[in-house]
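Undergrad: quick one, what's the 3D model for this:
(chains A, B and C)
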Amino acid sequence: SQIISEKESTAGVGVDQELISSVPSWNPEFVKRNFTEAEIAYCRGQPSSESSFAARWVGKEAVFKSLGVSSKGAAAPMKDIEILPDESGVPTVTLHGDAKSAAEAKGISKVHLSLSHSENVAIAFAQATSS
Amino acid sequence: SQIISEKESTAGVGVDQELISSVPSWNPEFVKRNFTEAEIAYCRGQPSSESSFAARWVGKEAVFKSLGVSSKGAAAPMKDIEILPDESGVPTVTLHGDAKSAAEAKGISKVHLSLSHSENVAIAFAQATSS
Amino acid sequence: SQIISEKESTAGVGVDQELISSVPSWNPEFVKRNFTEAEIAYCRGQPSSESSFAARWVGKEAVFKSLGVSSKGAAAPMKDIEILPDESGVPTVTLHGDAKSAAEAKGISKVHLSLSHSENVAIAFAQATSS
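TA: Sure thing, here's the model as predicted:
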């Protein structure tokens, strides 16, 4: 007899918020260090690229928290956590490098993410799922 | 042999926030377009109906995001996403019309939701679950 | 034939936010009533203990909401919901007393939590899981 059994469970959750004005998206070094080329192109094409960079920045922080790994401090670049919209506009997370390795070591197969920004605050929520 | 296997998984998450003052709950057309009669009765019965409408409004936005469907823009009414407290006060989501169809097409069986408002900001988090 | 089937599901979610200045962490009675000795020691050892107390306070509120039980109002102490960092810094929830009983009655085995504070706002998100 065939047995089909699947288990999915939450590995961790993450929330983050920042004042949009506190995210230095005007600084080319900050942007280049923390965003992929595809993210930069996307944010620059949005009505308020400052808000888009800020939302993505808190998104990266929220994803990082959901992975449940120790922070390397301000020195760690966030480029390894890439956030791009899918065809429905849902922010979709792709992990690279150290972030990918950390997720794989924990059996994390998917990170769900949502972003929001009001006039001056950006907020993000992430849920890491293992299966 | 009988095989019992159940799988529940997260289909999407949604977060939203707004300044309470930016939600036009003083506008009867906005209210009638976006809230059900039961929601209106509930909000009007609360100590601060302005805050209750605002929390429910961001709740609808968060639920919408968690469904992962393309937005129809500002023209889409939010009445299809109904949020009412259960007997313990937990905000409970009932989907109608297009929102219900979209959720069914994705196998979404339940949307968990939480709302919060401080003095001037309302925030909501939603998690859509398929099973 | 052997049947292996596991099911984990979300029992509830909770979000909460407060202005850091509105959490009376300067009040010894408030602190003693709502925080365990280990939490107090942790918060006092942080760079901004006011922010740490506030983040933990909204964390307790978010966890409480995720349990989906009726509130006993402002009179209920929050000491039963203890939040301490694990070795990676992830806020980890331990339930005691009434909160523990309520969770057990609902089959809740784990509450995931994330905290964030900006300069003046603390925010928390919780997800209660049953298995």
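
Undergrad: following the chain past the longest helix anywhere in chain A, name the next helix or strand.
TA: In chain A, taking DSSP state H as the definition, the longest helix is helix A:49-67. Next along the chain after helix A:49-67, taking DSSP states H and E as the criterion, comes strand A:81-85.

Undergrad: list the contacts of the next helix or strand after that following strand.
TA: Elements were assigned by DSSP H and E; along the chain past strand A:81-85, the next helix or strand is strand A:91-95. For strand A:91-95, contacts defined as C-beta atoms under 8 Å, 6 or more residues apart in numbering or on different chains pick out A:56, A:59, A:63, A:80-86, A:103, A:111-115, A:126. In this view, the C-beta of every residue, glycine as well, is placed from N, C-alpha and C.

Undergrad: okay, the longest helix of chain A in CSV with CA atoms only?
TA: Written as CSV, here are the backbone C-alpha positions of helix A:49-67 (Å, rounded to 0.1, in the frame of the first residue of the first chain):
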residue,chain,number,x,y,z
SER,A,49,11.7,54.4,-5.5
GLU,A,50,12.7,55.6,-2.0
SER,A,51,9.6,53.8,-0.5
SER,A,52,10.3,50.7,-2.6
PHE,A,53,13.9,50.4,-1.4
ALA,A,54,12.7,50.9,2.2
ALA,A,55,10.0,48.3,1.9
ARG,A,56,12.5,45.8,0.4
TRP,A,57,15.0,46.7,3.0
VAL,A,58,12.7,45.8,5.9
GLY,A,59,11.6,42.8,3.9
LYS,A,60,15.2,41.5,3.9
GLU,A,61,15.4,42.1,7.7
ALA,A,62,12.2,40.3,8.3
VAL,A,63,13.3,37.3,6.1
PHE,A,64,16.6,37.2,7.9
LYS,A,65,14.8,37.1,11.3
SER,A,66,12.5,34.3,10.1
LEU,A,67,15.6,32.2,9.3
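
Undergrad: is any residue of that helix near chain B?
TA: No. Helix A:49-67 is not in contact with chain B by C-beta under 8 Å from any C-beta of the partner chain; minimum separation 9.1 Å.

Undergrad: which among the contacts of strand A:91-95 count as buried?
TA: By the neighbour-count criterion of 16 or more other C-beta atoms under 10 Å in any protein chain shown, these include these buried positions: A:56, A:59, A:63, A:80-83, A:103, A:111-115, A:126.

Undergrad: including pLDDT, could those residues go into CSV?
TA: Listed next are the buried ones among the contacts of strand A:91-95 as CSV, based on pLDDT from 0 to 100:
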residue, pLDDT
A:R56, 97
A:G59, 97
A:V63, 97
A:D80, 95
A:I81, 97
A:E82, 97
A:I83, 98
A:A103, 95
A:V111, 97
A:H112, 97
A:L113, 97
A:S114, 97
A:L115, 97
A:A126, 97
